[in-house]
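**Student:** Pasting the sequence and the predicted coordinates here, then a few questions.
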Amino acid sequence: MAISRSIVVTIALGLGLTLAPAAWATPASETCAALAEARNSLYSMLHAKDKSARDALTAKTQAASIKIDSALARMTDAKVATDFKEVWNQFTATRDSEIIPAIYQGNIDDAKKIANGIQFQRFSRMWSIMSCSR
């Protein structure tokens, strides 16, 4: 009987520790994580050698964007969400209409210039608005 109880307790503790980080996540922390994921995927695209790798990274970037939009919709601080969304909309418009097309056209240097210029400024601004930790 004591052995079965210890197994149940161990399983319960393990399950609790597995689920605890999700319980601690906030829309802001989810936004920060997804923002980093979106930026990392985009930077990885700059080094991808073939179309299938770029396609996979584009999908990963879009999935991270969906996570950001979802987290923003659940934020209780309307000012933070509004301030972030203003920059986020500019960021995604530039990414989707300039950077990604440049990458697919083989204009990697042009894409890098934009990514390291205005997009880095926007990323830094969003990181600050959301109070993401480094």
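**Tutor:** Nice, thanks for sending it over.
**Student:** Go ahead and flag the most central residue of this protein.
**Tutor:** The centre of the chain sits closest to Ala34, judged by C-alpha atoms, centre = their mean, with a distance of 1.8 Å.
**Student:** For that one, which non-adjacent residue is closest in space?
**Tutor:** The shortest distance from Ala34 to any residue other than its chain neighbours is 3.8 Å, reached at Lys67 (C-beta to C-beta, 6 or more residues apart in numbering). Every residue, glycine included, has its C-beta placed from N, CA and C.
**Student:** For that neighbour, list the residues it contacts.
**Tutor:** With C-beta atoms under 8 Å, 6 or more residues apart in numbering as the criterion, the residues that contact Lys67 are 30-31, 33-34, 37.
**Student:** out of those residues, who's nearest Met75?
**Tutor:** Met75 has its nearest neighbour among the contacts of Lys67 in Thr31, at 7.8 Å by C-beta to C-beta.
**Student:** Let me know the pLDDT of Ile3.
**Tutor:** At Ile3, the model reports a pLDDT of 50.
**Student:** ditto for Asp109
**Tutor:** Asp109 is assigned 97 on the pLDDT scale.
**Student:** Just the buried residues of stretch 61-80, please?
**Tutor:** Of the residues in stretch 61-80, 61-62, 64-65, 67-68, 71-72, 75, 80 count as buried by neighbour count, 16 or more other C-beta atoms under 10 Å.
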